[in-house]
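*Asks:* predicted structure and sequence below. I'll ask about it afterward.
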Amino acid sequence: MEKRIRQALSDRFDADVAQSSDLENLGGHASLRIYWRIVLPASLKAPRGEHTLMAMVMPLGGDALKSDEGGDGVTPTELPFLNVQRYFIRLGLPVPAVEHVDMNIGVVLLEDLGQEMFENAYLAAPEQQVPLYKEAIDLLIKFQTSVQATADHDCVAWTKEFDQKLLRWELDHYREWGLDAHYGADHVGSDLKALEGEFDRIVAALLGAPQTLVLRDYQSRNIMRKDSRWVLIDFQDALRGPFIYDLVALLRDSYIELAPSTVHELVQYYVDAGAKAGLGWCSETDVHRLFHLQTLQRKLKDAGRFIFIDQVKGNPAFLPYYRPSIAYVKNALSNLPDFESLTLLLKKLEPAFD
């Protein structure tokens with residue numbers, strides 16, 4: 001992998017720069033992409049005057065253009081990250097600059113945004129959580145107003161959507177991995193039909209919500225701060241979906257647990273700020289209800305995904321977030337009395353529910 005990065009550096013700069021640069025493997029979390037920090041020679045006239053870059057390295061022999069998160073659409077002819085990044089640049093959204101691309105060796109050189117994720121900022125000053133989250137919500141509103149104003153169907157994100165098939169696939173992912181693979185084959189048993197009926201109700205409600213482009217994983221480890229500005233870093237799986245999806249990803253984060261009262265306050269902030277910015281869907285009653293419905297869908301999927309990552313990809317690092325995900329589901333259901341039948345089902349089927 002180092003050899004490939006040095007080849008990309010040689011092509012972007014020269015062989016001397018490639019050999020004298022220092023490389024640090026930063027890993028890839030749940031992704032197949034591996035990230036490396038590059039420290040360039042001090043003597044180099046570096047891009048933006050910065051002597052560090054990031055290398056995004058993809059596995060060779062796989063399909064780097066395909067998402068493992070599901071979603072049909074036009075088959076991309078280039079890396080979705082690059083396609084979506086160009087669109088966001090045109091919209092004036094904060095994303096890292098691309099310095100060099102060589103898909104033959106699976107390496108993309110990117111602007112280095114530093115080391116401060118939103119999660120770091122929160123952990124350093126948890127007493128400032130509400131102002132911090134309001135900043136992230138403001139960025140989300142800027143994103144939503146920008147894509148609403150300038151939809152571009154040449155962008156691969158606009159060719160995919162959270163349709164009935166994908167929303168159900170994610171819920172079935174929980175049933176397959178969070179229940180059957182986790183607790184034993186055919187754990188759901190005779191309750192399968194009832195569970196599928198509940199899944200269909202959730203999906204129908206979400207499909208009835210206003211749709212827009214969603215980032216899909218807008219959470220505390222995918223927002224970084226550089227020079228006092230928050231920057232989006234994980235957008236290659238963006239697609240059309242329920243407007244509420246990204247707000248749920250942010251406020252029902254697997255890595256930061258907010259008090260229910262804080263979540264309610266921040267959802268209301270989104271309603272008020274979004275309405276002021278011209279987002280027509282910001283009706284108070286509808287947004288709060290859809291927030292809880294989307295939480296059911298998103299956090300059940302997350303729970304199943306954590307078991308999948310452990311059992312299929314051999315990475316147990318996300319298992320501690322399984323129970324908190326189910327706790328989010330339980331809280332959402334407490335705000336949805338018309339889904340009492342799902343509450344009773346999960347009490348029966350999901351040991352983590354209680």
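*Replies:* Ah, there it is.

*Asks:* low-scoring stretches of the chain, by residue?
*Replies:* Low-confidence segments of the chain (pLDDT under 70): 29-31, 61-76.

*Asks:* list the contacts of S325.
*Replies:* If you count contacts by CB atoms under 8 Å, 6 or more residues apart in numbering, S325 has them with 254, 299-300, 302-303, 306. From N, CA and C alone the C-beta is placed, and that goes for glycine too.

*Asks:* one more pass at 6 Å, please.
*Replies:* 299, 302-303 (CB atoms under 6 Å, 6 or more residues apart in numbering).

*Asks:* let's have those residues in TSV, adding secondary structure and neighbour count.
*Replies:* What follows is those, written out as TSV (DSSP: H, G, I helix; E, B strand; the rest coil; neighbours: other CB atoms under 10 Å):
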residue	secondary structure	neighbour count
K299	helix	25
D302	helix	25
A303	helix	28
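
*Asks:* can you show me the helices along the stretch 201-350 of the chain?
*Replies:* 245-251, 260-276, 284-313, 322-334, 340-349 (DSSP state H, counting those that start in this stretch).

*Asks:* mean neighbour count, the ones you listed: which tops it?
*Replies:* Mean neighbour count (mean count of other CB atoms under 10 Å) peaks for helix 245-251 among the helices of the stretch 201-350 of the chain, with a mean of 25.

*Asks:* mind putting the helices of the stretch 201-350 of the chain into JSON lines with distance to Y183?
*Replies:* Supplementary listing: the helices of the stretch 201-350 of the chain in JSON lines, determined by distance: least, CB to CB, whole Å:
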{"stretch": "helix 245-251", "distance to Y183": "26"}
{"stretch": "helix 260-276", "distance to Y183": "27"}
{"stretch": "helix 284-313", "distance to Y183": "10"}
{"stretch": "helix 322-334", "distance to Y183": "12"}
{"stretch": "helix 340-349", "distance to Y183": "8"}
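
*Asks:* can you get me a residue count around K142?
*Replies:* If you count neighbours by other CB atoms under 10 Å, K142 ends up with 16.

*Asks:* start to end distance for stretch 245-257?
*Replies:* 17 Å (CA to CA, to the nearest Å).

*Asks:* picking that back up, so for D191, which of the helices of the stretch 201-350 of the chain sits nearest?
*Replies:* helix 340-349 (6.2 Å; CB to CB).

*Asks:* who touches the closest one?
*Replies:* Outside helix 340-349, the residues that touch it by CB under 6 Å, 6+ apart are 195, 198, 333, 353.

*Asks:* out of those, who's nearest L258?
*Replies:* Using CB to CB, the contacts of helix 340-349 come closest to L258 at L333, 17.5 Å.

*Asks:* for the closest one, give its distance to S254.
*Replies:* Distance check for L333 against S254: by CB to CB, to the nearest Å, it reads 18 Å.

*Asks:* need the contact list for A151.
*Replies:* So A151 contacts nothing (CB under 6 Å, 6+ apart).

*Asks:* okay, and it sits in which element?
*Replies:* Counting by DSSP states H and E, no helix or strand carries A151.

*Asks:* ranges for the helices of the stretch 51-200 of the chain?
*Replies:* Counting by DSSP H, counting those that start in this stretch, the helices of the stretch 51-200 of the chain are 80-91, 118-124, 129-149, 164-173, 182-183, 192-207.

*Asks:* so for Y35, which of the ones you listed sits nearest?
*Replies:* Nearest to Y35, of those and by CB to CB, is helix 80-91 at 12.1 Å.

*Asks:* just how off-centre is the closest one within its chain?
*Replies:* Computed by CA atoms, centre = their mean, to the nearest Å, the chain-centroid distance of helix 80-91 equals 16 Å.

*Asks:* then stretch 39-49?
*Replies:* Here stretch 39-49 is found 32 Å from its chain centre; the criterion is CA atoms, centre = their mean.

*Asks:* ditto for stretch 101-112
*Replies:* Centroid separation for stretch 101-112 versus its chain: 21 Å, with CA atoms, centre = their mean.

*Asks:* now do the end-to-end distance for that stretch.
*Replies:* This stretch, stretch 101-112, spans 15 Å end to end (CA to CA).

*Asks:* circling back to that earlier point, right, so of the helices of the stretch 201-350 of the chain, which gets closest to S20?
*Replies:* Set against S20 and scored by CB to CB, those come closest in helix 284-313, at 35.0 Å.

*Asks:* L109 contacts V98, correct?
*Replies:* No - between L109 and V98 there is no contact under CB atoms under 6 Å: 7.5 Å.

*Asks:* so for those two, which sits in the more crowded spot?
*Replies:* Neighbour comparison, L109 and V98: the larger count goes to L109, with 24 against 17 (by other CB under 10 Å).
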